[in-house]
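J.: I'll drop the sequence and a predicted model, then ask my questions.
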Amino acid sequence: MNSTSQIFPQFQLELPQWIPDFLQQQPATFPTHEARMELVTTLSKLNIEQGTGGPFGAGIFRADTYQLVAPGVNLVMSSGSSITHAEIVAIMMAQQMLGSHDLGAAGFPPHELVTSCEPCAMCLGATCWSGVRHLVCGARGCDAEAIGFDEGPKPQDWRTALEQRGITVIVDIGRQKAAQVLKNYVEQNGEVYNSRQGTSE
Ligand SMILES: [Zn+2]
């Protein structure tokens, strides 16, 4: 009998090579929202410069010690998977590193998801299921839409929806700088993928 992996491919998610080198040069802790946003915005910028994905970066941080648990960058094109947004990658990495599907499990410190751009419809759902207790966003969804990316069918009051689930939300931390990375991406003819904006084209 064939094993599953002979019939269906195994899926491996790997962060780009430059990330460990980059993180080695970073401080051990990131005590302010601004410092954490600076880190993930730099990841978004380097992800373009290194040609490893779209203009989005994220990170899961411990909300007690402000250490980075796991970074994430957009890997949609390099992984060949539409779901590998920066937030999803950071959540998956953190859960693998901690050996739990729930970052809010008993015995864990509270965790914070910091993302260079507001979560899209998919990442909004993933944020709910991840177990993080805090969400911090840089650029707004409208900044991503301004360059052609699609945020998907997100409820207008998505912030309230997260708050009602016990996840605090802070927006507009370093928005200008994060939005500039998005602008630079299209100006350099970066591909705006999977963005049908509700059309079937
Ligand atoms: Zn997303």
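T.: Cool, got the structure. Numbering: from 1, shown residues only.
J.: count of neighbours near residue 51?
T.: Residues within reach of residue 51, counting by other C-beta atoms under 10 Å, total 10. Backbone N, C-alpha and C define where each C-beta goes, glycine included.
J.: which helices and strands does the longest helix seen in the chain pack with?
T.: Ranked by number of residues, the top helix in the chain under DSSP state H is helix 33-49. Taking 3 or more C-beta pairs under 8 Å, 6 or more residues apart in numbering; DSSP states H and E as contact, the helices and strands that helix 33-49 lies on are helix 18-24, strand 57-62, strand 68-73, helix 86-98, strand 111-117, strand 134-139, helix 175-187.
J.: nearest to residue 3 among the ones you listed would be which one?
T.: helix 86-98 (22.4 Å; C-beta to C-beta).
J.: buried stuff in that closest one?
T.: By 16 or more other C-beta atoms under 10 Å, the buried positions in helix 86-98 come out as 86-95, 98.
J.: can I get it as CSV, trimmed to CA atoms?
T.: The C-alpha trace of helix 86-98 is given here as CSV (Å, rounded to 0.1, in the frame of the first residue of the first chain):
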residue,chain,number,x,y,z
ALA,A,86,2.8,37.0,6.9
GLU,A,87,0.3,36.7,9.9
ILE,A,88,-0.4,33.0,9.1
VAL,A,89,3.3,32.2,8.7
ALA,A,90,4.1,33.9,12.1
ILE,A,91,1.2,32.1,13.8
MET,A,92,2.2,28.7,12.4
MET,A,93,5.9,29.2,13.3
ALA,A,94,5.1,30.3,16.8
GLN,A,95,2.7,27.3,17.3
GLN,A,96,5.4,24.9,16.0
MET,A,97,8.0,26.5,18.2
LEU,A,98,5.8,26.2,21.3
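J.: and it with the ion, contact?
T.: No - applying C-beta under 5 Å from the ion, one finds helix 86-98 separated from the ion by no less than 5.6 Å.
J.: what does that helix rub up against?
T.: 13, 15, 40, 43-44, 56-60, 69-75, 101-103, 108, 111, 113, 115-116, 119, 122-123, 126-127, 130, 132 (C-beta atoms under 8 Å, 6 or more residues apart in numbering).
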